[in-house]
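Student: just coords:
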């Protein structure tokens with residue numbers, strides 16, 4: 001790390017699962033990574049494009065179906081010259097010179113090791129960038145849901161399957177190297193520190209290497225030990241971090257089943273690539289997130305959110321493989337986001353839960369306004385993480401509100417048990433949707449189904465709200481609501497439709513107590529409702545739990561306007 005580069009020497013165990021002989025080997029690396037050496041029995045280099053990290057080898061002897069061979073390789077980066085202060089890759093993944101730093105390195109294995117075969121991860125995704133380089137439009141971003149090749153490969157990391165990992169890391173003598181798995185040996189040699197980690201059973205085959213001058217906080221109060229590796233100056237929040245990890249672990253085990261690893265590790269690193277990581281119970285968070293958060297404000301919830309979200313990957317990334325077909329990112333992101341919401345709701349009071357969901361709704365639509373692509377439905381998501389995660393968890397909250405939490409959790413467990421640890425065909429978002437539909441009343445199945453397959457938002461608002469004091473001491477509450485459904489069918493194209501779900505309405509007094517609750521229908525887009533209540537009302541709110549995805553969060557609540565002699569409404 002003191003010279004800011006790395007060398008990786010490794011080997012893959014390759015197995016032909018294609019069903020036909022393989023006669024050529026394609027290797028790709030991410031830009032800025034040098035593939036220095038390749039050893040494979042009878043492989044002859046046919047074509048090489050080092051500036052793009054692509055090489056094609058002919059095999060003297062084909063790799064037959066079911067046969068295994070070993071590929072050995074060496075990759076490296078050059079010592080960095082200064083710091084890169086901008087991202088020049090569109091959304092093409094690359095290894096940056098500042099991934100290795102003097103203190104706080106992080107190296108994600110798919111970026112530093114060769115990729116077997118072609119990967120769409122290296123394609124430009126943005127339409128304007130493809131046009132600039134004379135590339136054709138991306139007509140098909142991912143394979144269809146029933147594509148047999150896609151069903152046989154893992155999402156994005158299509159060259160990886162279930163397997164084991166054995167990693168030895170050498171680093172500076174004053175640093176600790178951390179990655180996922182069990183630490184089986186630690187030693188010093190030639191003035192350097194060495195650490196060997198092995199995966200715990202079969203895993204996904206990915207890992208992230210961290211190296212820094214760490215202080216370690218340990219907590220053994222929970223079912224598995226918790227280790228927090230952090231910069232010594234950033235220790236102010238680590239006790240609370242350990243508390244949230246332990247409590248979220250217990251919550252997830254009760255909801256989804258046993259945690260499959262021997263420990264939880266949380267590791268701090270520098271922020272230069274802007275990513276977070278979670279592999280096999282080792283979580284990586286950059287220094288700008290939560291480590292230095294002010295816990296007096298939103299920082300406390302940000303801390304709980306990031307930790308519970310990444311810990312949920314232990315179920316939705318580490319124990320099942322999503323197929324390399326459209327929408328598969330929704331599985332990991334939506335379920336991890338929803339699990340995080342469940343945990344945080346379990347530790348917050350009612351008003352805090354409401355503020356949490358209000359902020360999530362606001363943040364999603366603000367994020368949506370900043371991106372330059374039209375929003376895909378959850379079944380068609382490719383790499384649009386904000387949609388997969390934020391919209392996905394909002395949709396699952398909506399489904400919970402309609403069918404109940406027990407039914408939704410039973411559906412999620414059914415999906416998990418059907419696909420955890422299984423060989424191909426791998427899981428798809430349609431499998432998740434169908435498991436939920438199995439637990440959905442017939443009358444709601446079309447609404448729940450289109451929450452996955454269509455881009456649906458809702459138009460909600462309170463047009464007017466009045467309070468009339470009656471002679472007998474009661475009060476007449478009269479509320480006019482507008483509501484509708486919107487389908488987005490392209491960039492900037494929307495179609496209006498009637499609201500086809502009950503719309504929750506709550507009336508509260510000045511102290512916040514509930515005076516009246518109702519679930520109303522607004523089939524014509526505008527309707528007035530009237531209720532007689534015993535206590536003086538103060539405010540009325542529509543969809544108070546923020547379960548219906550709506551860009552408007554401002555006109556959902558209104559103070560009632562006092563009137564005299566208001567005529568009866570309908």
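Tutor: Right, received. Where do you want to start? These figures come from a predicted structure and were not determined experimentally.
Student: hey, let's count contacts and neighbours off CA atoms from now on
Tutor: OK.
Student: How far does the one helix or strand residue 27 maps to sit from its chain's centre?
Tutor: Residue 27 is part of strand 22-28 when elements are defined by DSSP states H and E. Offset of strand 22-28 from its chain centre (CA atoms, centre = their mean, to the nearest Å): 31 Å.
Student: That one pairs with which strands?
Tutor: Neighbouring strands of strand 22-28 in its sheet, by DSSP bridges, are strand 54-63 (antiparallel), strand 115-116 (antiparallel).
Student: So which bits of it are buried?
Tutor: Neighbour counts over strand 22-28 (16 or more other CA atoms under 10 Å) mark 22, 24, 25, 26, 27, 28 as buried.
Student: doesn't residue 119 make contact with the fourth one?
Tutor: No - taking contact to mean CA atoms under 8 Å, the distance of 10.4 Å between residue 26 and residue 119 leaves them out of contact.
Student: Can you pull out the low-pLDDT segments for the stretch 351-500 of the chain?
Tutor: The model of the stretch 351-500 of the chain has pLDDT under 70 over residues 372.
Student: before we move on, what about the chain?
Tutor: Along the chain, the model assigns pLDDT under 70 to residues 82-98, 139-141, 272-274, 372, 553, 565-570.
Student: So the closest residue to residue 279 other than its chain neighbours versus residue 365, what's the distance?
Tutor: Counting by CA to CA, 6 or more residues apart in numbering, residue 279 lies nearest to residue 207, which is 5.9 Å off, once chain neighbours are set aside. According to CA to CA, to the nearest Å, residue 207 and residue 365 sit 33 Å apart.
Student: give me the element residue 383 is part of.
Tutor: Using DSSP H and E, no helix or strand contains residue 383.
Student: Kindly report the same for residue 340.
Tutor: Taking DSSP H and E as the definition, residue 340 sits inside helix 329-347.
Student: contacts for that helix?
Tutor: Helix 329-347 is contacted from outside by 155, 248, 251-252, 304-305, 308-310, 312-313, 316-317, 322, 353, 378-379, 381-383, 385, 388-394, 396-397, 428-429, 432, using CA atoms under 8 Å, 6 or more residues apart in numbering.
Student: Give the buried residues for the helix or strand just after it.
Tutor: Next helix or strand after helix 329-347 toward the C-terminus (DSSP H and E): helix 350-368. For helix 350-368, the buried set under the neighbour-count rule, 16+ other CA under 10 Å, comprises 353, 354, 356, 357, 358, 360, 361, 362, 364, 365, 368.
Student: who touches the last one in this structure?
Tutor: Residue 368 is in contact with 375, 386, 387, counting by CA under 8 Å, 6+ apart.
Student: swap the cut-off to 10 Å and go again
Tutor: 362, 374, 375, 386, 387, 390, 391, 551 (CA atoms under 10 Å, 6 or more residues apart in numbering).
Student: ok, now the first one?
Tutor: Applying CA under 10 Å, 6+ apart to residue 353 gives the contacts 341, 342, 344, 345, 346, 347, 359, 545, 546.
Student: again, 7 Å this time
Tutor: If you count contacts by CA atoms under 7 Å, 6 or more residues apart in numbering, residue 353 has them with residue 345.
Student: Equivalent analysis for the fifth one, please.
Tutor: Taking CA under 7 Å, 6+ apart as the definition of contact, the neighbours of residue 358 are residue 546.
Student: Repeat the analysis, applying 10 Å as the threshold.
Tutor: Residue 358 neighbours (CA under 10 Å, 6+ apart): 352, 544, 545, 546, 547, 553.
Student: Out of these, which two sit at the greatest distance?
Tutor: Farthest-apart pair in the contacts of residue 358 is 352 and 553; separation 16.1 Å (CA to CA).
Student: Could you name the helices and strands sitting against the helix or strand harbouring residue 515?
Tutor: Taking DSSP H and E as the criterion, the element that holds residue 515 is strand 514-520. On a contact count with 3 or more CA pairs under 10 Å, 6 or more residues apart in numbering; DSSP states H and E, strand 514-520 meets strand 503-508, strand 526-533, strand 539-542.
Student: quick one, helices of this structure?
Tutor: Secondary structure of the chain (DSSP state H): helices located at 109-112, 127-132, 148-151, 238-256, 299-311, 313-316, 329-347, 350-368, 385-386, 392-403, 405-419, 429-438, 445-453.
Student: a markdown table please, covering the buried residues of helix 350-368 and showing distance to residue 505.
Tutor: Listed next are the buried residues of helix 350-368 as a markdown table, based on distance: CA to CA, whole Å:
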| residue | distance to residue 505 |
| --- | --- |
| 353 | 17 |
| 354 | 14 |
| 356 | 19 |
| 357 | 17 |
| 358 | 16 |
| 360 | 20 |
| 361 | 18 |
| 362 | 20 |
| 364 | 23 |
| 365 | 23 |
| 368 | 27 |
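Student: Tell me the one of those residues nearest residue 531?
Tutor: Distances from residue 531 to the buried residues of helix 350-368, taken by CA to CA, are shortest for residue 354, at 24.3 Å.
Student: Enumerate every residue touching that closest one.
Tutor: Residue 354 neighbours (CA under 10 Å, 6+ apart): 345, 348, 360, 544, 545, 546, 547.
Student: Which two among those are spaced furthest apart?
Tutor: By the measure CA to CA, 348 and 547 form the most distant pair in the contacts of residue 354, at 17.1 Å.
Student: which of these two has more neighbours?
Tutor: Taking neighbours as other CA atoms under 10 Å, residue 348 and residue 547 compare with residue 547 leading, 22 against 13.
Student: Next, work out how far apart residue 301 and residue 341 are.
Tutor: Separation of residue 301 from residue 341 (CA to CA): 11 Å.
Student: Need the overlap of contacts for those two.
Tutor: Both residue 301 and residue 341 are in contact with residue 356, where contact means CA under 10 Å, 6+ apart.
Student: middle-most residue in the chain, spatially?
Tutor: The centroid of the chain falls nearest to residue 333 when counting by CA atoms, centre = their mean (2.9 Å).
Student: okay but residue 477 is in contact with residue 509, surely?
Tutor: No - Residue 477 lies out of contact with residue 509 (CA atoms under 10 Å); the separation is 11.7 Å.
Student: what residues do those two have in common as contacts?
Tutor: Common neighbours of residue 477 and residue 509, counting by CA under 10 Å, 6+ apart, are 516, 536, 537, 538, 540.
Student: between those, which has the most around it?
Tutor: In terms of neighbours by other CA under 10 Å, the shared contacts of residue 477 and residue 509 top out with residue 537 at 29 neighbours.
Student: mind listing what that residue touches?
Tutor: Contact analysis of residue 537 by CA under 10 Å, 6+ apart lists 466-469, 474-477, 507-516, 559-562.
Student: hang on, the earlier thing: dump the buried residues of strand 22-28 into TSV; add distance to residue 415 as well.
Tutor: Formatted as TSV, the buried residues of strand 22-28 follow (distance: CA to CA, whole Å):
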residue	distance to residue 415
22	34
24	37
25	35
26	34
27	34
28	34
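Student: So what's the residue count around residue 276?
Tutor: For residue 276, the neighbour count with other CA under 10 Å is 15.
Student: how close does it get to residue 315?
Tutor: 17 Å.
Student: Much appreciated, bye for now.
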